[in-house]
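In: My questions are about this predicted structure, shown below with the sequence.
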Amino acid sequence: MKLGIVVVYLVSEENEKLLDLHLNQIERYTTVPYTVYGSINRLLTKFRQKLESNPKVKICECPATHLRDVEEHSFYLEHLVRNAIEDSSSHIVTLHVDSFPICSGWAEELAGKLSESRVFAAPSYGAYTACLFFKRDFYLKYRPSFFLSEAERSSPKFKQFCEEFGPLVHSGIGYLFRAYRESLSWHPLTESNKGNARYVFFSSIYDDCIFHLGPAVKSENESFKHTNLMRMRKWVYRHFWVPIVRVIYHTRTQQRVLGKKRFIIIRRPLSWCWRHIGRPNFFVPIFRDARQQLLEDPESYLNYLRTGNR
């Protein structure tokens, strides 16, 4: 096996320790020959130097783009995967800055899940590119894309796909849809946490071999300094916000309802409420708390999530 690890490096100043942990975990637990293919568009200079000094990292100069968020991430991933394919990687996996292996043999284990009809492995819900593992043969034969055009998302086939699987439209959705169109299957990486991660959406262990902290890139630039206010927000999050989010997002029926343009909650007000109330008051503080636990003692925290024992 020749493994190509594909990562879009968008890292803020305060996430340097997270970047170091990510690189160290890859080196520690990857026992097959590998190269990390990283994009550095809009990355701080000191982090570029850190990556350039790592002999296992190959910097890939991706074209500049005006795209942002999911579209930007997908755009860079397309270029990185092509670089890995051109370098004759036999297997490719996408990771995030905040996702990494937690046990030896992880690449071999995921490769063993694949077959001619089961063409890739990915988290079963939402964060598909936190660990999207596939063979070069699949990529060369089907040429999947990480994101879908508006025309593809409006097609009858995609609507049928959504009816059956209720997917979230994130980077990597194009791989799921391509497999669906070709009557292929994939191995769903399911959460295997035995320790209570404290909050939903954060600190997930997939198949007991991959850790994913959560949406670090989107959350890391906002700051909250008042301890008592943060405690209040955490309480409100756990006892009020989480049940609402679970109702909305954790059932296929509600996912389909939210996809309708004439749903009673108009999309623009809903988006405004999330940006100005949901994210700053609940999402960001919870993310920061989970990240702090991870970085204070990674070994202990990851062991707790895997086994339930401190």
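Out: Nice, thanks for sending it over. Numbers count the residues shown, from 1 in each chain.
In: Which segments of the protein make up each domain?
Out: Domains of the chain are assigned by automatic domain parsing as 3-189, 221-307.
In: roughly how far is the longest one from the heart of the chain?
Out: Spelled out, it's domain 3-189. In terms of CA atoms, centre = their mean, to the nearest Å, the centre of domain 3-189 is set 8 Å apart from its chain centre.
In: Also stretch 302-310?
Out: Offset of stretch 302-310 from its chain centre (CA atoms, centre = their mean): 21 Å.
In: for it, which positions count as buried?
Out: Going by neighbour count (16 or more other CB atoms under 10 Å), the buried part of stretch 302-310 is 302, 304-306. The C-beta positions use only the backbone N, C-alpha and C, and glycine is treated the same way.
In: tell me the mean pLDDT over it?
Out: Averaged across stretch 302-310, the pLDDT comes to 90.
In: circling back to that earlier point, and the domains of the chain: which comes nearest residue 195?
Out: Proximity to residue 195, assessed across those by CB to CB, is greatest for domain 221-307 (4.2 Å).
In: Worst mean pLDDT among the domains of the chain?
Out: Set side by side, the domains of the chain give their lowest mean pLDDT on domain 221-307, at a mean of 62.
In: Dihedrals phi and psi, residue 204?
Out: Dihedral angles of residue 204 (phi, psi; degrees, to the nearest 10) stand at phi -100, psi 140.
In: beta partners of it?
Out: Residues in a beta bridge with residue 204, per DSSP bridges, are residue 212.
In: okay, it: pLDDT?
Out: Reported pLDDT for residue 204: 91.
In: Contacts only, for it.
Out: 123, 127, 191, 193, 197, 211-212, 214 (CB atoms under 8 Å, 6 or more residues apart in numbering).
In: Tell me the one of those nearest residue 139?
Out: The closest of those, once distances to residue 139 are taken by CB to CB, is residue 123, at 18.9 Å.
In: Any idea what that closest one is bridged to?
Out: Applying DSSP bridges, one finds that residue 123 bridges with residue 189.
In: Please name the residues that touch it.
Out: 130-131, 188-189, 204, 206, 212.
In: Tell me which two of those sit farthest apart.
Out: Spatially, the most separated pair among the contacts of residue 123 is 188 and 212, at 14.2 Å (CB to CB).
In: Fine by me, thanks again.
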